[in-house]
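# Just a sequence and a predicted model for now, questions to come.
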Amino acid sequence: AVGRGLANLGSKARAYPRQTGAGLVGLVLLAAAGFYGWHWYSNLPQPHTASYSLHKPNLTDYTQQTPVVDNLQVRFGESVAPLSAIGKPVTEGITLKPAVAGTWRWADDRSLLFVPEKDWPIDAHYTLDMAKK
């Protein structure tokens with residue numbers, strides 16, 4: 001059955017040489033366009049990402065005369081903060097959910113600190129969202 005189908009295809013191709021040639025050229029162009037599209041897509045620039053680690057605050061030590069509330073620290077694997085922003089409060093681009101009153105600031109070009117106004121609630125879970133820039 002396959003041999004007979006190929007024989008019929010060959011006889012049709014000989015009967016219509018222009019259409020057969022145009023079809024073959026179309027298939028070659030389609031294959032070339034597919035290869036070009038794959039090559040273009042595979043060579044697109046990859047987004048730059050910075051690794052990070054989150055250091056959760058330690059428990060507050062109430063045995064001290066004045067208890068010290070520990071900070072939340074986000075440590076990046078490379079320099080991510082503008083040098084002009086170090087030590088200054090960060091007012092946008094960072095969201096802690098549920099919201100906790102406090103201040104975000106850059107300790108250095110790789111460390112972002114959150115200093116809460118009050119002690120952390122016990123057994124609470126938070127989500128930290130940061131803008132890409």
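Nice, I can see it.
# residues near the nearest residue to Q73 once chain neighbours are set aside, how many?
Take Q73 and drop its neighbours on the chain: the residue closest to it by Cβ to Cβ, 6 or more residues apart in numbering is H55, 4.3 Å away. All C-beta atoms are positioned from the backbone trio N, CA, C, and that covers glycine. Around H55 sit 13 other residues, with neighbours defined as other Cβ atoms under 10 Å.
# ok now do H55, which residues does it touch?
With contact set as Cβ atoms under 8 Å, 6 or more residues apart in numbering, H55 has these partners: 72-75.
# So the protein: which segments form each domain?
With domains defined by automatic domain parsing, the chain comprises 2-42, 52-60+67-130.
# Quick one: mean pLDDT over stretch 86-99.
Taken as a whole, stretch 86-99 has a mean pLDDT of 92.
# ok so, going back, just the buried members of the contacts of H55?
72, 74 (16 or more other Cβ atoms under 10 Å).
# Tell me how far the most centrally placed residue in the chain lies from E78.
Central residue of the chain (Cα atoms, centre = their mean): T49, 6.5 Å from the mean position. In this view, T49 and E78 are 10 Å apart by Cβ to Cβ, to the nearest Å.
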